[in-house]
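Colleague: whatever this is, show me its structure:
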Amino acid sequence: MIGLLTAVAAAAVANRHASATTTERVVGDRFTGLAVGGMDPVAYFTEGRAVPGRADMEASFAGAIWRFCNDDNRAFFLAHPEIYGPQFGGYDPVDIARGVTVAGRPQVWMIAGQRLYLFARPESRDAFAADPAAILQEARTRWPHLRDALAQ
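Modeller: Sure, this is the predicted structure:
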């Protein structure tokens, strides 16, 4: 009996680790699995602000749970997650350009080039706003290596 319980516990730990690994490329709450802190990612574009999504309006994508204000926003996101989802999985692009992954915060954001970016701090958002092209060039160069390292 103890052997069976040990095997079940080991399998649960292995499954939990595998699940955590798949969500680390998208910033998500480690306890709830919610991406963007439960904010509706489409609302940043349509409302111009962070709007909490509803628990009864969810979708699963990229190993995270995304919440939306309405059916239309959910449909828009699922049709084009590359547009409406935060770039770099919600990690701060300024920190990525420096070679580190720091989770962005849903309340510190910017839309640039019709894409959503989340930042860890207002200072990062200000630095990004001053020269988005240079920061994005460096971030895009570093992101593949950093993204791959998140899953290890």
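
Colleague: OK, contacts around residue 64?
Modeller: Shown in contact with residue 64 (C-beta atoms under 8 Å, 6 or more residues apart in numbering): 23, 26, 28, 33, 34, 35. No exception for glycine: its C-beta is placed from N, CA and C like everyone else's.

Colleague: ok, now with 7 Å
Modeller: Listed by C-beta atoms under 7 Å, 6 or more residues apart in numbering, the contact set of residue 64 reads 23, 26, 28, 33, 35.

Colleague: so which bits of stretch 60-68 are buried?
Modeller: Across stretch 60-68, burial judged by 16 or more other C-beta atoms under 10 Å covers 63, 64, 65, 66, 67, 68.

Colleague: so can I have a markdown table of the residues you listed showing pLDDT and secondary structure?
Modeller: Listed next are the buried residues of stretch 60-68 as a markdown table, based on pLDDT from 0 to 100; DSSP: H, G, I helix; E, B strand; the rest coil:
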| residue | pLDDT | secondary structure |
| --- | --- | --- |
| 63 | 88 | coil |
| 64 | 93 | strand |
| 65 | 95 | strand |
| 66 | 97 | strand |
| 67 | 98 | strand |
| 68 | 98 | strand |
